[in-house]
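Q: Turn this into a model:
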Amino acid sequence: MLDRVEIMNYRCFAHVDVPLRPFTVLIGPNDTGKSSFLSALRLLTTDGMNTGDVRRGARAALVQALWRGQAITAEVARGESERRSGPVNEVFPTRLFSLPSAGVSMTSKGTPAGVPALDQTGSNLAALVDYLLRKDRRRFDAFVAAMRALVPGLEEINIETPSPDTRQLEFVIDGGLRIPGDRASAGVKLLLFFVALAHHPELPKIVLIEEPANGLHPKRIADVVQLLRGLTTGALGGPPAQVIVTTHSPLLVDELDLEQDQLLVFERQPDGARTARPVDRDRLRLFLDEFKLGEVWFNRDEEGLVAPAEPRP
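A: Just a heads-up that it's a prediction; the model follows:
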């Protein structure tokens, strides 16, 4: 996994240097750089082609990370594509997901060969479930069982083919009632995405997700965190993946375990630069015997989670 990331002169960042863990959560007010941080990570990977994202006034941006103890570097000159150096034969794939608040589409085109990949909005989900049904029945059965545990009354998940090149999901609930997938609630469609992602047979090495708690019932947020943490260990049958998410949800933060997870706090400075710092675990021990982590964040804001800033000389 990525153990540490340093960013210089990229978008809103003058300089950020932070440690990462298998499951890392980014918090902070709007416009503090969380999405830019995810974009910077993509520069290091096989699908991260960005151009010209250099901080105003700088000639070049630099993103470097430690991965398996080796340094990977991406440099972006103003107006040019990035150049990478490091273990180039092992540059890893990543995937950024930014899901629609109304839920993921339950209809997609069929895929002629191979395991369907999920795109940024979660599309191609129906094709992935169709692949599992036809090619990996053990994984499909585990996927359906996980959905039954999360959605009361769900009996079966079917694949319909309205046309030869189209796949569409259908739910069977409450004694045989059949409901087209696109008529399900936004929350059920989002749960379906996360469960399908958790059972994907070919996960990218790094999974980036914007606001995974949006649209979910509060009691389902813990289930999604459990699924995402399962991705980091390979507990669901696939290779382990590093998971990095942004959130504004204290309920999601409540589910973190600071002994194994990372929580990074993003802030905007008076000069417009954005910073990111890990939470101060020693400071938080004063509160966590009595309060949950999300409660501390909600009541004390971001500055209550990090060590006091050192005065500038």
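Q: so which helix or strand takes in the spatially most central residue of the chain?
A: For the chain, the residue nearest the mean C-alpha position is residue 209 (2.4 Å; Cα atoms, centre = their mean). If you go by DSSP states H and E, residue 209 is part of strand 206-210.
Q: what is the rounded mean pLDDT of that strand?
A: Here strand 206-210 scores 96 as its mean pLDDT.
Q: Tell me which strands that strand pairs with, and in which orientation.
A: With DSSP bridges as the test, strand 206-210 is paired with strand 94-98 (parallel), strand 242-246 (parallel).
Q: out of these, nearest to residue 171?
A: Minimum separation from residue 171 across those (Cβ to Cβ) falls at strand 94-98, 22.1 Å. C-beta coordinates here come from the backbone N, C-alpha and C atoms, glycine included.
Q: Give me the buried positions along that closest one.
A: In terms of neighbour count (16 or more other Cβ atoms under 10 Å), strand 94-98 has its buried residues at 94, 95, 96, 97.
Q: Show the subsequent helix or strand relative to it.
A: Using DSSP H and E, the helix or strand that follows strand 94-98 towards the C-terminus is strand 107-109.
Q: Which elements pack onto that next one?
A: Judged by 3 or more Cβ pairs under 8 Å, 6 or more residues apart in numbering; DSSP states H and E, the packing partners of strand 107-109 are helix 125-135, strand 166-173.
Q: Need the residues that contact it.
A: In this structure, residues lying in contact with strand 107-109 by Cβ atoms under 8 Å, 6 or more residues apart in numbering are 116, 123-127, 162, 165-169, 181-182.
Q: what's the answer for stretch 113-125, then?
A: If you take Cβ under 8 Å, 6+ apart as the criterion, stretch 113-125 is touched by 95-100, 104-106, 108-109, 111, 127-128, 131, 169, 192-193, 196-197, 200-202.
Q: Strand 206-210 and the longest helix along the chain, what's the angle between them?
A: What stands out as the longest helix in the chain, according to DSSP state H, is helix 218-233. Orientation check (axes from the mean of the first three to the mean of the last three Cα atoms, to 10 degrees): helix 218-233 against strand 206-210 gives 160 degrees.
Q: which other residues reach helix 218-233?
A: Residues outside helix 218-233 that contact it (Cβ under 8 Å, 6+ apart) are 22-23, 150, 187, 191, 194-195, 197-198, 203, 207, 209, 212-213, 216, 236, 238, 240-243, 245, 249, 251-252, 255-256, 261.
Q: Of the residues you listed, grab the buried ones for ChimeraX.
A: Typed into ChimeraX, the line below selects the buried ones among the contacts of helix 218-233, using 16+ other Cβ under 10 Å:
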select :22,23,150,191,194,195,197,198,203,207,209,212,213,216,236,238,241,242,243,245,249,251,252,255,256,261
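Q: Restricted to helices, list the contacts of helix 218-233.
A: Short answer: the contacts of helix 218-233 in helices (DSSP H) are 150, 187, 191, 194, 195, 197, 198, 251, 252.
Q: want to throw the residues you listed into a markdown table with distance to residue 226 and pLDDT?
A: Output for those, formatted as a markdown table (distance: Cβ to Cβ, whole Å; pLDDT from 0 to 100):
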| residue | distance to residue 226 | pLDDT |
| --- | --- | --- |
| 150 | 10 | 93 |
| 187 | 16 | 93 |
| 191 | 12 | 94 |
| 194 | 10 | 95 |
| 195 | 11 | 95 |
| 197 | 13 | 93 |
| 198 | 9 | 92 |
| 251 | 13 | 97 |
| 252 | 11 | 97 |
